[in-house]
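Need the 3D shape of this:
(4 chains)
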Number of protein chains: 4
Amino acid sequence: MKDVSPQDLDGNLRLAARRRPDHRTLVKVGPVEIGGSRIVTMAGPCAVESEEQVIEIAAQVKQAGAAILRGGAFKPLTFPYRNEKMFELRERGLAYLKEAGRRAGLPVVSEVVDVRLVQTVADYADMIQIGSRSMQNFPLLEEVAKTGKPVLLKRHYGASLRDWLGAAEYLLYYGNPNVVLCERGIAAPHTHQPTSRFIVDLQVVPAVHEYTHLPVIVDASHATFRREYVAPIARGAVAVGADGLLLDVHPVPEKAAVDPLQALDYQAFASLMEDVKGIAAVLGRTV
Amino acid sequence: MKDVSPQDLDGNLRLAARRRPDHRTLVKVGPVEIGGSRIVTMAGPCAVESEEQVIEIAAQVKQAGAAILRGGAFKPLTFPYRNEKMFELRERGLAYLKEAGRRAGLPVVSEVVDVRLVQTVADYADMIQIGSRSMQNFPLLEEVAKTGKPVLLKRHYGASLRDWLGAAEYLLYYGNPNVVLCERGIAAPHTHQPTSRFIVDLQVVPAVHEYTHLPVIVDASHATFRREYVAPIARGAVAVGADGLLLDVHPVPEKAAVDPLQALDYQAFASLMEDVKGIAAVLGRTV
Amino acid sequence: MKDVSPQDLDGNLRLAARRRPDHRTLVKVGPVEIGGSRIVTMAGPCAVESEEQVIEIAAQVKQAGAAILRGGAFKPLTFPYRNEKMFELRERGLAYLKEAGRRAGLPVVSEVVDVRLVQTVADYADMIQIGSRSMQNFPLLEEVAKTGKPVLLKRHYGASLRDWLGAAEYLLYYGNPNVVLCERGIAAPHTHQPTSRFIVDLQVVPAVHEYTHLPVIVDASHATFRREYVAPIARGAVAVGADGLLLDVHPVPEKAAVDPLQALDYQAFASLMEDVKGIAAVLGRTV
Amino acid sequence: MKDVSPQDLDGNLRLAARRRPDHRTLVKVGPVEIGGSRIVTMAGPCAVESEEQVIEIAAQVKQAGAAILRGGAFKPLTFPYRNEKMFELRERGLAYLKEAGRRAGLPVVSEVVDVRLVQTVADYADMIQIGSRSMQNFPLLEEVAKTGKPVLLKRHYGASLRDWLGAAEYLLYYGNPNVVLCERGIAAPHTHQPTSRFIVDLQVVPAVHEYTHLPVIVDASHATFRREYVAPIARGAVAVGADGLLLDVHPVPEKAAVDPLQALDYQAFASLMEDVKGIAAVLGRTV
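Residues are numbered from 1 along each chain as shown, chains lettered A, B, ... in the order given. The predicted structure is shown next:
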């Protein structure tokens, strides 16, 4: 086909490749459109800790401008030793998240790790997240795609753009066109030691827009892993052209059950959203 | 506990940490012991293509000194577009592999990608391989561990030693002490362009031996991705102290269905095994 | 010393470490202050090609909002084979740059590579650039520091934050407090292949501000190496808190003698400066 | 030119590219040939600390099989704060090194960092080392090349193979054909934390031999930065085909003025040389 752009990676991005400069997909999550002029912020706790907590967070992030509620009910960790109390929530965590979203009027996104639990997560979530470590879990991609729910596909911290777009192509290939990509930091040479585990790759945002018609957002919380860097990187993400943000918000970040160093409190989140609105306006976008 | 070495990564390697200098685990795969004085070579086709082919390869690698037969029946690929004919083998590929191993007197190792197929693979294979992309697929680790079969845990191409050992700890935590680690190349800054995708990290071999009591082998084929580098890196792996090798062998490498650039032919494999014997002898080991 | 922050890297940043949250150095280049509320843009040709050319560029970038004129007269290249015509300019290139700056009312910055030419460059330039490859050329750092001229210290593409700050510490140690750091992209695992050689590390901007009192700017042209990415990354740099930008501008970028893929033309530069003004205003800064 | 191999990197390796499979350069350092069948070991103290010390070390490494004496008299460090006593040696350190080499019958290699001191180092050393941080210090490359002395060109810890070979091309371009490449570890994603700063890239050894006719050796001491890993990596380097080794040897490594964690004592060095002899013999080489 003559019109195929060089961005299709030798014919492998048959479905994901951008075919024309204005070729963009809008992904709908409930009433929210991702990939259009609105910058879509997904915010909430890294892990759902209780029903009261997630209901309160939902109300707060909604008020500050978030469009989607995020919250983890199943959390993959590097080592098998964890705070067991928290992780008993699992399906209950999903129910709490859904209820909090319902009350706040926000669709919800949550991660699935186990291919056998895809349907369970799909029963509660409006959008299903594929986490960094699962990016190339192809059976999981297939099952998630087949739910028909929109998918948030995080980039593996060690993955090239090519590998990431290959994973997106799987989702499209299995019949699900509603794919949003999410950059969340990559392993890099000992760059910020001892400051950071990862560095966020904001250059990948225009690269994604060049190669594919799919929207891309940035998880400024997991990418930076440090509260002090979250707001700068979130602002930067919007400025480079990201279609949205993923952010950890917690009423008392130091007491968060998971990743206590990276969550924003309500005030910091609201303040960041003001900056995001300003930067979005410069680029002709809204929040 | 006073005797815990600093190598337990802050208490997270409760089971995998080496506790004394001579603390080593021997992993048995059929009659073959990995982690002792013998250098164990696992060789065979990247993908099982036909019964005749894998039977022939098994006989050849056995004669040259291989101790275990490898062969892929389910192959994860970066993009969903592939040579469909080959991949119809799936369970039949496992059956062919098992039969080839039986005839040659070699135990067999094969990869599982889908948690729902763990039992199927366990029915045929003497050792189950967790591939690079699945290293942190925790539900898969759990199910594989619970089969009781010895496990070959490949390092993700973007994973730190810490993340890799964390995945090994999961396998031990789920009750399976028979874990062999396998280095297979890591993504590195644009180091060898245009020569190579990955670089092999041979320094991780003594690092693994310092941190853990588990054996470690090197996949010189996938690490280098180029035939010309396979023999040098395989020799290097043995010289740095690896407990074994994983090698792609194919009668006509250029015609291999998967990764045709990296397989060794019979003669190159036999020649390499001679060198491996010589280097092993220098280190007081056998083949 | 009790008051030393943990950011002094074990006592090695005796001069460069930030001692209090509001500890910031203002570096003056002629009448221009870097590190204050103004976002300082340094723009001009990658290499000075002729007197007319650089005079024209100077006028254009001045009009669009640049504060300092940049231009290379001595260009280190990866291989010894180059467009000889261009490189005969050398000292003449510096004279042209200085004259162009004088006419436009802009101070000028240019790179020195050879320790024996430091005084020559200092005779013409208002600010001396240490290039990426020279970041740890310690004799060069010493001689440049001793000129008393403000210094623009680019980060090596393979350097950690620690190594970069160590190089800055040398400049301060040799008696020159006027140091501006410049991020220009780092080598990373095969991240954007085939799109880019480097990735820009915008996360290092808040990290620099956390560790040191020195200003930091971003070279969006060399970091991205592709025109299409320059404006997004420049906007992102300002949004994450950079104190300025370094940008290649050329009347006909495709015909630039060096790095023709990355320069902006006048219109693209002026348009970018409008966005930069808008984003700066959101952050309470000016251009 | 039709016969040019694809390994000349688009015509930029006019002098360094290998033109035929058996195209190899022999570099002579005094009576020692590098690049032939002999594995050449360069050993000695990281920094020359006293005349007596380096004389003793020279005798010991000679006896164990070293062919060249190494020793630093000018040491670049990451930060400007150092053990001043040691570094007063400078030219005296070179004189001690030369005298120690003379007594032991070993040619000597030492590093030059400052282009203005090239002749001084050339007056004492039989081979001049370009350190990792100076790999792309092009004026230094030019002056060192013009001394006519053989050159040991270390790879920058962040450099691609392409950049490294480009630096070698400069040396050849300036008229010096006696270039030996030296791998010494590269910055990689947070791979071995907290074990190591760098990882050694042994795969680059066959890659160098494929691209160029120049010999390549491995600095197992600086690459690993840990004594426990030096011997395994040195053995691995020989097994992958390196033409030699560079090793730090110190009578009491813990008391070494520089890099005390990585030097071998006499016994460990002698033991390693025995293994190296054995592995060399397997490959048809000598020590």
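
Could you pull up the residues touching residue A:55?
A:96, A:99, A:100, A:103, A:104 (C-beta atoms under 8 Å, 6 or more residues apart in numbering or on different chains). Any C-beta I mention is one placed from the backbone N, CA and C, and that applies to glycine too.

if I've got this straight, it is in a strand?
No: assessed with DSSP: H, G, I helix; E, B strand; the rest coil, residue A:55 is helix; it does not lie in a strand.

how near is it to chain C?
The gap separating residue A:55 from chain C is 32 Å, by C-beta to the nearest C-beta, to the nearest Å.

likewise residue A:263?
Where chain C is concerned, residue A:263 sits at a distance of 17 Å (C-beta to the nearest C-beta).

Let me see the contact set for that residue.
Counting by C-beta under 8 Å, 6+ apart, residue A:263 has contacts A:45, A:46, A:221, A:227, A:248, A:249, A:250, A:253, A:256.

Show me which pair in those is furthest apart.
Greatest spatial distance in the contacts of residue A:263: A:45 and A:227, 14.3 Å, computed using C-beta to C-beta.

ok, back up a step: just the contacts of residue A:263: which are in helices?
In helices, defined here by DSSP state H, the members of the contacts of residue A:263 are A:221, A:227.

Pick the one among the contacts of residue A:263 closest to chain B.
residue A:46 (17.2 Å; C-beta to the nearest C-beta).

who's in contact with the closest one?
Residue A:46 touches A:72, A:75, A:221, A:248, A:250, A:256, A:257, A:258, A:259, A:262, A:263, counting by C-beta under 8 Å, 6+ apart.

could I get those residues as JSON lines with pLDDT and distance to residue C:136?
JSON lines is the format used below for these (pLDDT from 0 to 100; distance: C-beta to C-beta, whole Å):
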{"residue": "A:72", "pLDDT": "92", "distance to residue C:136": "43"}
{"residue": "A:75", "pLDDT": "83", "distance to residue C:136": "41"}
{"residue": "A:221", "pLDDT": "94", "distance to residue C:136": "34"}
{"residue": "A:248", "pLDDT": "96", "distance to residue C:136": "37"}
{"residue": "A:250", "pLDDT": "95", "distance to residue C:136": "41"}
{"residue": "A:256", "pLDDT": "82", "distance to residue C:136": "40"}
{"residue": "A:257", "pLDDT": "79", "distance to residue C:136": "43"}
{"residue": "A:258", "pLDDT": "76", "distance to residue C:136": "39"}
{"residue": "A:259", "pLDDT": "76", "distance to residue C:136": "35"}
{"residue": "A:262", "pLDDT": "87", "distance to residue C:136": "32"}
{"residue": "A:263", "pLDDT": "92", "distance to residue C:136": "38"}
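
between those residues, which is closest to residue A:238?
After measuring the contacts of residue A:46 against residue A:238 - C-beta to C-beta - the closest member comes out as residue A:221, at 14.7 Å.

what pairs with the closest residue to the closest one other than its chain neighbours across the strands?
Leaving aside its sequence neighbours, residue A:221 sits nearest to residue A:248 (C-beta to C-beta, 6 or more residues apart in numbering or on different chains; 3.9 Å). Taking DSSP bridges, one obtains residue A:44 as the residues bridged to residue A:248.

Can you show me the strands along the stretch 151-287 of chain A?
Counting by DSSP state E, counting those that start in this stretch, the stretch 151-287 of chain A has strands at residues A:151-154, A:179-183, A:216-219, A:244-248.

now check the first one, is it near chain C?
What it means is strand A:151-154. No: Strand A:151-154 does not reach chain C (C-beta under 8 Å from any C-beta of the partner chain); its nearest approach is 15.3 Å.

Now residue A:140. Nearest residue, chain neighbours left out?
Closest to residue A:140 by C-beta to C-beta, 6+ apart is residue A:115, at 4.8 Å.

tell me, how many neighbours does residue A:262 end up with?
24 (other C-beta atoms under 10 Å in any protein chain shown).

Who are the contact partners of it?
Taking C-beta under 8 Å, 6+ apart as the test, what residue A:262 contacts is A:46, A:221, A:222, A:224, A:225, A:226, A:227, A:230, A:248, A:253.

Residue A:106 too?
A:58, A:61, A:62, A:66, A:67, A:68, A:69, A:100.

measure the fourth one to residue A:248 for me?
For residue A:66, the distance to residue A:248 (C-beta to C-beta, to the nearest Å) stands at 12 Å.

any shared contact partners between those two?
What both residue A:66 and residue A:248 touch, as defined by C-beta under 8 Å, 6+ apart, is the set A:43, A:44.

any residues touching stretch A:111-128, and which ones?
Here stretch A:111-128 has contacts from A:29-30, A:68, A:72-76, A:91, A:94-95, A:97-98, A:101, A:107-110, A:129-131, A:133-134, A:137, A:139-140, A:143-144, A:147, A:149-152, A:180, B:114-116, B:138-139, using C-beta under 8 Å, 6+ apart.

In PyMOL, how would I select the buried members of those residues?
To isolate the buried subset of the contacts of stretch A:111-128 in PyMOL, counting by 16 or more other C-beta atoms under 10 Å in any protein chain shown, use the following:
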select buried, (chain A and resi 29+68+72+73+74+75+76+94+95+97+98+101+107+108+109+110+129+130+131+133+134+137+139+140+143+144+147+149+150+151+152+180) or (chain B and resi 114+115+138+139)
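
Turn the contacts of residue A:46 into a markdown table, including distance to residue C:279.
Output for the contacts of residue A:46, formatted as a markdown table (distance: C-beta to C-beta, whole Å):
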| residue | distance to residue C:279 |
| --- | --- |
| A:72 | 32 |
| A:75 | 35 |
| A:221 | 22 |
| A:248 | 24 |
| A:250 | 28 |
| A:256 | 30 |
| A:257 | 35 |
| A:258 | 33 |
| A:259 | 29 |
| A:262 | 24 |
| A:263 | 25 |
